[in-house]
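Trainee: sharing a model prediction with you, sequence too.
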Amino acid sequence: MKLRAAFVLTFANRFQDDTVSAAELAVAGVEDYRKVFGHQISPRHWQRLLDRITTRDAGAENWNRLDLYLSHEDRLRRQPETPREVPVDFANLEDEFNMWANPLKPTFTEEKAIYLAAFNWLETAMQTDARKPTPSGR
């Protein structure tokens, strides 16, 4: 992704050298952008891109994530999936918890048992859901 390539050096300079001012960083960033894309942008536009990227990063400083660099339209292209209805019957899990001597401090065996009960519940829920017909008839 070109935008990520344009900002790689920017982020390296920003976090390795505390003496670089915001103005110096912008000048270097605009030049990095020109080298990658082959055309000049204004420092103001570069700053908007930087702000968008750092806002999306939310302090994680994981600059390799592609979603940081996508345009707004690209990020919205795929529609989010609607969650499926899942039967919420945790009676088996509650029964398992009720057998514990101290629910706040389960033993190793009790932890294994609750994981097994949870996986069994999930497997049953998925099998039940798989047998339901879909609206499209698939």
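Mentor: That came in fine, so what should we check first?
Trainee: farthest from the middle of the chain: give me that residue.
Mentor: Here the centre of the chain is the reference, and by C-alpha atoms, centre = their mean the most remote residue is residue 101, at 38.3 Å.
Trainee: mind listing what residue 90 touches?
Mentor: residue 121 (C-beta atoms under 8 Å, 6 or more residues apart in numbering). Any C-beta I mention is one placed from the backbone N, CA and C, and that applies to glycine too.
Trainee: let's number from 49 now, not from 1
Mentor: In the new count, where the first residue is 49, that last one comes out as residue 138.
Trainee: just to revisit the earlier point, contacting residues around the residue farthest from the centre of the chain?
Mentor: For residue 149, the contact set (C-beta under 8 Å, 6+ apart) comprises residue 155.
Trainee: tell me the secondary structure at it.
Mentor: Three-state assignment for residue 149 (DSSP: H, G, I helix; E, B strand; the rest coil): coil.
Trainee: and it, what are its phi and psi?
Mentor: phi -70, psi -40 (degrees, to the nearest 10).
Trainee: which residues of this protein score low on pLDDT?
Mentor: Flagging of the chain using pLDDT under 70 yields the residue ranges 61-65, 120-136, 177-186.
Trainee: how deep is the residue lying closest to residue 77 once chain neighbours are set aside tucked in, by neighbour count?
Mentor: In space, and not counting its chain neighbours, residue 77 is closest to residue 58: 4.5 Å by C-beta to C-beta, 6 or more residues apart in numbering. Neighbours of residue 58 under the rule other C-beta atoms under 10 Å: 23.
Trainee: again with residue 142
Mentor: Neighbour number of residue 142 under other C-beta under 10 Å is 10.
Trainee: now do residue 160
Mentor: 11.
Trainee: swap in residue 102?
Mentor: By other C-beta under 10 Å, the residues close to residue 102 number 16.
Trainee: swap in residue 157?
Mentor: 9.
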